[in-house]
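K.L.:
the amino acid sequence is not available; the structure is as follows:
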């Protein structure tokens, strides 16, 4: 049962790895605007089942999605007969999971983040106010997620931070939570063949400035506003640094206006949506990747992608970021998530470069030794096989 974003990438790569192990994987997901076929054989052992995607949010959205996913899930189960069901998002799972056709099958859940908290943050106004209607919807979302997690035999997470959320928010026993190693496409995200300077020149980036790069959904919790404010507060950053911002989101226009008002046109560039083809080059070129998250970072796959390309990561001490960035080098963590914290650290990076000089091979090796989709699939397969075998006894 699939979703989008970072969770969608995990679902996709885990499914492909399981297919390579001769497992048949059926993915239940949404059909944007109903334009894609309801059933599709994607490749060997990988099948897609799509249900119509409602176009609006709120309670009607939930009810329609529950109904449509329930119908498609029951049909897929009757045609195929599953040994185990794995969900990556509570809403997509709710309909099929509480139908008689699916409810008796061993069920596991891949917990990526607190669904209702992300929704509330998304609905906040620029001054931090949340409408009562959004709070009512979030209450319903939390109850729904709790019901789904309660039914899960195992709950998979990518970080200790996420494991703690499962325990603290949903009050589920830790023995049901299994931490898996995250993954990264090591073939795709690779070291630049001719070094950073060659990639910088190809992208038209200055050689005489320290280049920082971030790629995020341009929404409040990602902290991009604070990062821009850090540049506005510092003459050093204005003169000696260049910040590249990739991604789309509803804050894009207001952040562009902020850069213009602050006179940061020479220090901050917006790249918009970066194509999948170009993304590795933008990881390879900068001197540092920046993760300025304000709230709720369940893992941060971008950390692994940047480091696999040989680029060290500066990050806030939020969520699971210290578990990767801090494990590599605690000196790369900001003291906090405020613009002042980012300003202080980035100025130090520029004024004392010898303290922050990392061999790209060392960054790459850190990722290679700990993370891969193969390692994730191995661990997932072991846990799920136990459940299936226990059921057959």
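P.N.:
Sure, I can see it. Since we're looking at a predicted model, the values are computed, not measured. Numbering: from 1, shown residues only.

K.L.:
please enumerate the helices of the stretch 201-350 of the chain.
P.N.:
For the stretch 201-350 of the chain, helices defined by DSSP state H, counting those that start in this stretch occupy the ranges 224-232, 235-240, 252-262, 279-284, 301-308, 321, 327-328, 339-351.

K.L.:
of these, which is nearest residue 314?
P.N.:
helix 339-351 (6.4 Å; Cβ to Cβ). From N, CA and C alone the C-beta is placed, and that goes for glycine too.

K.L.:
show residues contacting that closest one.
P.N.:
Outside of helix 339-351, the residues that reach it under the criterion Cβ atoms under 8 Å, 6 or more residues apart in numbering are 210, 212, 226-227, 229-231, 233-234, 236-237, 240-241, 288, 290, 292, 314, 316, 334-335, 355-356.

K.L.:
for that helix, buried residues please.
P.N.:
The neighbour-count check on helix 339-351 (16 or more other Cβ atoms under 10 Å) flags 339, 341-347, 349-350 as buried.

K.L.:
make JSON lines from the helices of the stretch 201-350 of the chain and add distance to residue 246 and mean pLDDT to it.
P.N.:
Written out in JSON lines, the entries for those read as follows (distance: least, Cβ to Cβ, whole Å; pLDDT from 0 to 100):
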{"stretch": "helix 224-232", "distance to residue 246": "10", "mean pLDDT": "96"}
{"stretch": "helix 235-240", "distance to residue 246": "19", "mean pLDDT": "97"}
{"stretch": "helix 252-262", "distance to residue 246": "11", "mean pLDDT": "94"}
{"stretch": "helix 279-284", "distance to residue 246": "6", "mean pLDDT": "97"}
{"stretch": "helix 301-308", "distance to residue 246": "10", "mean pLDDT": "97"}
{"stretch": "helix 321", "distance to residue 246": "18", "mean pLDDT": "97"}
{"stretch": "helix 327-328", "distance to residue 246": "22", "mean pLDDT": "97"}
{"stretch": "helix 339-351", "distance to residue 246": "18", "mean pLDDT": "97"}
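
K.L.:
ok, back up a step: going through the contacts of helix 339-351, which ones are buried?
P.N.:
Neighbour counting by 16+ other Cβ under 10 Å classes 210, 212, 226-227, 229-231, 233-234, 236-237, 240-241, 288, 290, 292, 314, 316, 334, 356 among the contacts of helix 339-351 as buried.

K.L.:
I'd like to know which elements the lengthiest helix in the chain is packed against.
P.N.:
The helix spanning the most residues in the chain, taking DSSP state H as the definition, is helix 59-80. Packing contacts for helix 59-80, counted by 3 or more Cβ pairs under 8 Å, 6 or more residues apart in numbering; DSSP states H and E, involve strand 25-31, strand 46-52, helix 90-97, helix 132-151.

K.L.:
mean pLDDT, distance to residue 368 and mean neighbour count added to these, as a markdown table?
P.N.:
Conversion of those to a markdown table gives the following (pLDDT from 0 to 100; distance: least, Cβ to Cβ, whole Å; neighbours: other Cβ atoms under 10 Å):
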| stretch | mean pLDDT | distance to residue 368 | mean neighbour count |
| --- | --- | --- | --- |
| strand 25-31 | 89 | 26 | 20 |
| strand 46-52 | 90 | 26 | 21 |
| helix 90-97 | 84 | 33 | 24 |
| helix 132-151 | 84 | 33 | 16 |
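
K.L.:
now render those as TSV, adding distance to residue 303.
P.N.:
As requested, these are arranged in TSV below (distance: least, Cβ to Cβ, whole Å):
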stretch	distance to residue 303
strand 25-31	26
strand 46-52	27
helix 90-97	25
helix 132-151	25
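
K.L.:
out of the ones you listed, which comes closest to residue 369?
P.N.:
Minimum separation from residue 369 across the helices and strands packed on helix 59-80 (Cβ to Cβ) falls at strand 25-31, 27.6 Å.
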